[in-house]
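Participant: What would the 3D arrangement of this be:
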Amino acid sequence: MSNFSRGECILKRCADQVDCGYENRDSDLFCRACALPLLNTALAGRYRIHALLSKGGYAAVFHGIDQNLSRRIAIKVLLPSKTTHSEHEHFLREARIAATLDHPNIAPVLDYGKDGPSVYLIMPLYTAGSLRTRLAKANGPLPASETMSNFHQLVSALHYAHTRPRPVIHRDIKPENILIHPEDGRLVITDFGIARSLEPGATVGKTITVRGTVGYMAPEQTSGIVDPRSDQYGCAVVLYEMLTGYHPLDSLGSAIPRPSVLNTDLPTTLDAVVLRALANRPEERFNEILEFMQAFDLACRPISKIFISLPQTPYPTPGNTPAAQGVSSPALPAVQSGGKNDNSGRQPAIRSQANTTGAREKCLEGDELRKQQRYSQALQAYEEALRMEPRNFYAWNGKGTTLYNQGNYKKALEAYQRATEIDPSNAIVWVSAGLVLNRLQRYQQALVHFERALSIDPHYVPAWNGKADAQLDMNMPGEAIASYEQALIYDPKSFQSWNGLGNARSCLHDFQGAVEAYTYALRENPRSAVAWCNKAEALIHLGHNRAALDALNEATEMDRSYARAWTLKADVYEVLGNPQEAQKARRRARP
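Facilitator: Model (predicted):
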């Protein structure tokens, strides 16, 4: 017990009974000896300290309660005796940056601040253990599918952090900092509060205060060098442990054993990949962590048979569904988005092949209901399938598509992510998740998902188109053009690729090239009001107003309520000196 009496005075013992244990007065909020908050202290009047969970070299973590929201939380508090004022300021700056990170495999920073001597950071409380506890339980290599899924989740999170406008480097990737989400079992990287961000325009080689854990810290970190490839090194150490059950380094500094020597089930092609990521010099590692993952996947293919038979049905973007059309108004300028403005496709159904008859039947029922746009009933069918078989890939995928059609993008993303964890070798579901991320304007994460799909199937056209759409939304038209052109190599008749290529060329003011691309798109789908309107806008920029009017007439013939087309029509009529028709068109453009 931390509270006890001595005579008439009630004392409170410090929660850190190993290194401190000082007896404080009942009225004290912070330990008089070590300055840590005492139990029942409410930091900022809100976050009540409940119990000490752990203490490291520079911080302690408490189990706490957010009194405003009545939920359990984790409270990280810097040790006042081990940290300086400048480190406190640095911690708060980095916490501010970490709070901007939004990724399913990164523990969110809920709040941060200072109260008395305590500099703190608030995170969700994860109670399912860490990757360290999982490795200890396995007492050897993890199952291949689990290792691959875990590695992909780590890479996805780190690539996202590294490619932010202001890149964030974690610097302390280790199993203890990789927690397990209690609800869905996904991995969550914590401790981004000690991460280091690079100033805008900076890349690598900046000297900073050394942070990290011996055995997981890259060699250059001992010199205080900031480099994203340092996280690649830590990730490679963790991967090595998952693959072999052993840490790659020993106290004698011996050469790292090849993973396939310690685990004979591994392909020898994997050895060079892992050892390259563990190279002492950052320039000898992979250029970026996504390249590391792609090399890993390629090396695993002979054993894991990561290529699967994909459905032959063309797979347009979820943006082509009726529900999505209501969200992405065609009145938006064409140059703001890629080929996803196409409204001609239909969402495909992935044929359910459930392991159990009951779950299979419910998946098929959900597929049929979804086709009929009876979304609430479809969701009920998928939920019933998941009650029978919680790891049914087809039920999670169908649920994700149905939620997308309803416009519930966040829930759709959660469902698709469960599907990717169950079957990480399915390119289709990676693309689906990427398209949802595009809708949520989380473009960098979307790119990671499209790249993941392309590492599975480099010829998968929807992945190239999705990647191009995200690049265009990120104002990278040159890169988008390259991706659309790659898609057209594999499918020269892809309407989405041609339409997106026209949009990308318009962004670069190559309006003649845009007209050519839209013309090819309309050969594939002459009933697309969007493509006719896109072509008209490019013709207007070229001064071909009568040709633009012809294209707009086609657009309004295809969609009589297309406000963007009527607005452009009015502008063209004004230029052609026909104010009466311009006025009529403007009236039609009004909702």
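
Participant: tell me the centre residue of the protein?
Facilitator: When the chain is reduced to its mean C-alpha position, the closest residue under CA atoms, centre = their mean turns out to be residue 445, at 3.9 Å.

Participant: May I have stretch 387-395 exported as PDB, CA atoms only?
Facilitator: Written as PDB, here are the backbone C-alpha positions of stretch 387-395 (Å, rounded to 0.1, in the frame of the first residue of the first chain):
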ATOM      1  CA  ARG A 387     -19.300 -14.300 -35.700                       C
ATOM      2  CA  MET A 388     -19.000 -17.800 -37.200                       C
ATOM      3  CA  GLU A 389     -15.400 -17.300 -38.400                       C
ATOM      4  CA  PRO A 390     -13.700 -14.100 -37.100                       C
ATOM      5  CA  ARG A 391     -10.800 -14.400 -39.500                       C
ATOM      6  CA  ASN A 392     -12.800 -14.800 -42.600                       C
ATOM      7  CA  PHE A 393     -11.000 -12.700 -45.300                       C
ATOM      8  CA  TYR A 394     -14.000 -12.500 -47.600                       C
ATOM      9  CA  ALA A 395     -16.400 -11.200 -44.900                       C
END
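
Participant: chain center to it, what's the gap?
Facilitator: Distance of stretch 387-395 from the chain centroid (CA atoms, centre = their mean, to the nearest Å) equals 23 Å.

Participant: again, but for stretch 86-96
Facilitator: With CA atoms, centre = their mean, you get 25 Å for stretch 86-96.

Participant: Repeat that for stretch 430-442.
Facilitator: Using CA atoms, centre = their mean, the distance from the centre of stretch 430-442 to the centre of the chain it belongs to is 9 Å.

Participant: CA atoms of that stretch as PDB?
Facilitator: Output of stretch 430-442 as PDB, limited to C-alpha atoms (Å, rounded to 0.1, in the frame of the first residue of the first chain):
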ATOM      1  CA  TRP A 430      -4.400  -3.600 -50.600                       C
ATOM      2  CA  VAL A 431      -5.700  -1.500 -53.500                       C
ATOM      3  CA  SER A 432      -9.100  -1.200 -51.800                       C
ATOM      4  CA  ALA A 433      -7.600   0.100 -48.600                       C
ATOM      5  CA  GLY A 434      -5.400   2.500 -50.600                       C
ATOM      6  CA  LEU A 435      -8.500   3.900 -52.400                       C
ATOM      7  CA  VAL A 436     -10.200   4.500 -49.000                       C
ATOM      8  CA  LEU A 437      -7.100   6.300 -47.800                       C
ATOM      9  CA  ASN A 438      -7.300   8.500 -50.900                       C
ATOM     10  CA  ARG A 439     -10.800   9.400 -49.900                       C
ATOM     11  CA  LEU A 440      -9.700  10.200 -46.400                       C
ATOM     12  CA  GLN A 441      -6.900  12.400 -48.000                       C
ATOM     13  CA  ARG A 442      -4.200  10.300 -46.300                       C
END
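
Participant: got the buried residues for that stretch?
Facilitator: Within stretch 430-442, the residues that count as buried by 16 or more other CB atoms under 10 Å are 430-439, 442. Any C-beta I mention is one placed from the backbone N, CA and C, and that applies to glycine too.

Participant: ok, so of these, who is nearest residue 297?
Facilitator: Nearest to residue 297 among these, counting by CB to CB, is residue 430 at 11.8 Å.

Participant: List the contacts of that closest one.
Facilitator: Taking CB atoms under 8 Å, 6 or more residues apart in numbering as the criterion, residue 430 is in contact with 420, 449-450, 452-453, 456, 463.

Participant: okay if I get these as a markdown table plus neighbour count, secondary structure and pLDDT?
Facilitator: Putting the contacts of residue 430 into a markdown table (neighbours: other CB atoms under 10 Å; DSSP: H, G, I helix; E, B strand; the rest coil; pLDDT from 0 to 100) gives the following:
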| residue | neighbour count | secondary structure | pLDDT |
| --- | --- | --- | --- |
| 420 | 26 | helix | 88 |
| 449 | 29 | helix | 90 |
| 450 | 30 | helix | 91 |
| 452 | 25 | helix | 87 |
| 453 | 25 | helix | 88 |
| 456 | 22 | helix | 84 |
| 463 | 28 | helix | 93 |
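
Participant: hang on, the earlier thing: inside helices: which ones of the buried residues of stretch 430-442?
Facilitator: Restricting these to those inside helices, with DSSP state H as the criterion, leaves 430-439.

Participant: re earlier: what's the closest of the contacts of residue 430 to residue 41?
Facilitator: residue 420 (41.8 Å).

Participant: Distance check, the nearest residue to the closest one once chain neighbours are set aside against residue 467.
Facilitator: In space, residue 420 comes closest to residue 429 once its chain neighbours are excluded; the distance is 5.5 Å by CB to CB, 6 or more residues apart in numbering. Distance of residue 429 to residue 467, computed by CB to CB, to the nearest Å: 16 Å.

Participant: Also residue 402?
Facilitator: The spacing between residue 402 and residue 467, counted by CB to CB, is 25 Å.

Participant: tell me the mean pLDDT over stretch 114-130?
Facilitator: When pLDDT is averaged over stretch 114-130, the result is 90.

Participant: Now do the strands in the stretch 101-250 of the chain.
Facilitator: Residue ranges of the strands in the stretch 101-250 of the chain, as given by DSSP state E, counting those that start in this stretch, are 111-115, 118-124, 168-169, 178-180, 187-189, 196-197, 206-207, 225-226.

Participant: Using CSV, please lay out these together with distance to residue 37 and mean neighbour count.
Facilitator: Putting these into CSV (distance: least, CB to CB, whole Å; neighbours: other CB atoms under 10 Å) gives the following:
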stretch, distance to residue 37, mean neighbour count
strand 111-115, 8, 17
strand 118-124, 5, 23
strand 168-169, 28, 24
strand 178-180, 23, 23
strand 187-189, 25, 24
strand 196-197, 26, 20
strand 206-207, 33, 12
strand 225-226, 32, 19
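
Participant: mind putting those strands in JSON lines, distance to residue 73 included?
Facilitator: JSON lines is the format used below for the strands of the stretch 101-250 of the chain (distance: least, CB to CB, whole Å):
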{"stretch": "strand 111-115", "distance to residue 73": "9"}
{"stretch": "strand 118-124", "distance to residue 73": "5"}
{"stretch": "strand 168-169", "distance to residue 73": "22"}
{"stretch": "strand 178-180", "distance to residue 73": "14"}
{"stretch": "strand 187-189", "distance to residue 73": "14"}
{"stretch": "strand 196-197", "distance to residue 73": "24"}
{"stretch": "strand 206-207", "distance to residue 73": "33"}
{"stretch": "strand 225-226", "distance to residue 73": "30"}
